[in-house]
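Novice: Predicted model and sequence follow; I will ask about them next.
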Amino acid sequence: MTNVLWLLLGVGLLTVGGEGVVRGALAAARRLGVSPLLAGLVIVGFGTSAPELVVSVKAAFDQQPDIVLGNVVGSNMANMLLILGVSALIMPLTIHIKSLRRDGLSMLAATLLFMALANLYGLSHLDGFILFGVLLAYLIWAYRSEREHLDDPVAELHQAEANEYENLPLSIPLTLLFLIGGLALLLLGADRFLVGAVGLGQMFGVPEAIIGLTVVAVGTSLPELAVSIIAAIRRHADVAIGNVLGSNIFNLLSILGIASMLQPLPFGGRLQAVDQWVLLGVSILLLLFLFFGLRLSRMKGAALLLVYVVYVVTMFFTQQ
């Protein structure tokens, strides 16, 4: 019972803390004159992935590599199947392909890069620098190309991601409170969340990889879920989908990059044998939906949700 309480408390603290950091950072960016384009591209990207980042860094220091890798792989799966599935069920998502083509292909490229590095000898310190370096290069390239064409659909998408957040703190003290308080809640939430999640796994004999792929992944993906659902209700389909694609890129490149820079991450077991291939397959499936469907209907949303349910149920019945 205690583990469940720690888990729920951790989820709440991570969600509130992540929201506070994003809103505080966006308020500071506006005060400093940072463009909505850069704010949407960097702050929203890093901010919505903040729970995954803090939890993964804590797990890396605690020598729990399966939690780190399972969290990232599972979060990306939950983003594509669970979050987009729920969003499409709430409101069918009509897609403007030009605004999503680059990030969709970048997500697939990041997935392939992760697989190529991890399948050699796991993720080393050097691999971490490579992953994070690729992220920085992507951000610089994306910002420069979008700044030259502010009316381009991709630039408009990232500006819209920043504008999706309303009621930002106006004063400097309140902005600092959101930033510092949000970070403190993230750190505390990550600690309690991992205590509860790992404790539950040990209680029921569930491997850490599966805990990372399911409980940890879904719990840390709640900020993306909230942003995408709100965007779907507002009929901002490109923001809902762009949020998922951007989060997946950041998860693979920044979270695994930073975590493996701090602590090498061995890669094996079911993550290597099964889950990385499922991640690749789902990434390709989503791109096919986006490039050829032009509309994520309720039926397609239900199909994504069904795939996720089957994946999770099968995982628990075939524990490795």
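Specialist: Alright, I've got the coordinates. Numbers count the residues shown, from 1 in each chain.
Novice: C-alpha from now on. contacts and neighbour counts both.
Specialist: Fine.
Novice: For Phe46, which residues are in contact?
Specialist: 247, 250 (C-alpha atoms under 8 Å, 6 or more residues apart in numbering).
Novice: wait, I meant Val312
Specialist: Thr214.
Novice: What helix or strand is it located in?
Specialist: Under the criterion of DSSP states H and E, Val312 resides in helix 298-317.
Novice: Using CSV, write out every CA atom in that helix.
Specialist: Extracted C-alpha coordinates of helix 298-317, given in CSV (Å, rounded to 0.1, in the frame of the first residue of the first chain):
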residue,chain,number,x,y,z
ARG,A,298,-11.3,8.1,-34.3
MET,A,299,-11.0,4.6,-35.9
LYS,A,300,-7.3,5.1,-36.3
GLY,A,301,-7.1,6.4,-32.7
ALA,A,302,-8.9,3.3,-31.5
ALA,A,303,-6.5,1.1,-33.5
LEU,A,304,-3.5,2.8,-31.8
LEU,A,305,-5.0,2.3,-28.4
LEU,A,306,-5.7,-1.3,-29.2
VAL,A,307,-2.1,-1.9,-30.3
TYR,A,308,-0.9,-0.4,-27.0
VAL,A,309,-3.2,-2.5,-24.8
VAL,A,310,-2.2,-5.7,-26.7
TYR,A,311,1.5,-4.7,-26.3
VAL,A,312,1.2,-4.2,-22.5
VAL,A,313,-0.9,-7.3,-21.9
THR,A,314,1.4,-9.4,-23.9
MET,A,315,4.4,-8.0,-22.1
PHE,A,316,3.1,-9.0,-18.7
PHE,A,317,2.1,-12.5,-19.9
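Novice: pLDDT (mean, whole number) over that helix?
Specialist: What helix 298-317 shows for mean pLDDT is 89.
Novice: now swap in stretch 222-241 and tell me
Specialist: 74.
Novice: So which bits of it are buried?
Specialist: 222-233, 235-241 (16 or more other C-alpha atoms under 10 Å).
Novice: Now do it: distance to the chain's middle.
Specialist: 13 Å (C-alpha atoms, centre = their mean, to the nearest Å).
Novice: Contacts for the helix or strand where Lys58 lies, please.
Specialist: Using DSSP H and E, the element containing Lys58 is helix 50-61. Contact partners of helix 50-61, identified using C-alpha under 8 Å, 6+ apart, comprise 14-15, 18, 65, 67-68, 71-72, 186-187, 190-191, 194, 217, 220-221, 251, 254-255, 258-260, 262-263, 265.
Novice: and if we set it to 6 Å?
Specialist: Outside helix 50-61, the residues that touch it by C-alpha atoms under 6 Å, 6 or more residues apart in numbering are 14, 18, 68, 190, 220, 255, 259, 263.
Novice: which of the residues you listed sit farthest apart?
Specialist: Gly18 and Gln263 (23.6 Å; C-alpha to C-alpha).
Novice: still on that earlier bit, average pLDDT for the helix holding Lys58?
Specialist: 86.
Novice: Phi and psi next, for the residue nearest to Leu296 when sequence neighbours are not counted.
Specialist: When the adjacent residues along the chain are set aside, Leu296 lies closest to Leu93, with 4.8 Å between them (C-alpha to C-alpha, 6 or more residues apart in numbering). Note on Leu93: backbone dihedrals following degrees, to the nearest 10 are phi -100, psi 110.
Novice: What number of residues are in the vicinity of Leu93?
Specialist: Counted with other C-alpha atoms under 10 Å, residues neighbouring Leu93 total 26.
Novice: related to what we said a few turns ago, who's more crowded, Gly18 and Gln263?
Specialist: Counted by other C-alpha under 10 Å, Gly18 and Gln263 do not tie: Gly18 has more neighbours, with 30 against 21.
Novice: So the more buried one versus Leu186, what's the distance?
Specialist: Using C-alpha to C-alpha, to the nearest Å, Gly18 is found at 7 Å from Leu186.
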